[in-house]
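J.: structure of the sequence below:
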Amino acid sequence: MKQLLILATLLIVSVAECDAQQRIDELLNREIDSGTTVLKMAVKRDPETGEIIKRVKELAAIDDRALAREFIAAFEAERENADVWEEESNGNIYIATAIWQNPKRIYNLSVNGSILSVTIQTIYREEEQ
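T.: Numbers count the residues shown, from 1 in each chain. Reported below is the predicted structural model:
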């Protein structure tokens, strides 16, 4: 019985962590599918194994204040779920960074007037120096 309880707890925690940045991901995917934003994506692989080490997505939009407000709301909704949260706001500039661990995911939002930039890094394995 004790093992079942531990297993159930671990399952709940892992599901909660997977859903942690879900609002941001859903909004990002919606915008990628819409075709009205600019998307850049890069993948770094281990040259020996082909295994993905890091994936980076960057979404940019200009003159879409409504979209910027949606992303700000999505980031702020995830504030409590993030392992690390940093935020800076100064007039027309808003910057937020949310970090989740295991795998390490770094979400960065930058809004400067009518310019929106969202960058998401997923680090599957730390690189050896």
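J.: for Glu76, give its distance to Thr37.
T.: Distance, Glu76 to Thr37, by Cβ to Cβ, to the nearest Å: 20 Å. All C-beta spots, glycine's among them, are computed from the backbone N, C-alpha and C.
J.: what ranges does the protein have for its helices?
T.: With DSSP state H, the ranges of helices along the chain come out as 2-19, 22-34, 65-77.
J.: pull out the buried positions in the last one.
T.: The reference is to helix 65-77. Residues of helix 65-77 classed as buried by neighbour count (16 or more other Cβ atoms under 10 Å): Leu67, Ala68, Glu70, Phe71, Ile72, Ala74, Phe75, Glu76.
J.: which ones are touching the most centrally placed residue in the chain?
T.: Central residue of the chain (Cα atoms, centre = their mean): Tyr107, 3.5 Å from the mean position. Contacts of Tyr107 were listed using Cβ atoms under 8 Å, 6 or more residues apart in numbering, and they are Gln21, Ile24, Phe75, Glu78, Thr97, Ala98, Ile99, Trp100, Val118, Thr119, Ile120.
J.: keep only those of these that are in strands.
T.: Members of those lying in strands (criterion: DSSP state E): Thr97, Ala98, Ile99, Trp100, Val118, Thr119, Ile120.
J.: worst-scoring helix or strand of the protein, pLDDT-wise?
T.: helix 2-19 (a mean of 47; mean pLDDT, DSSP states H and E).
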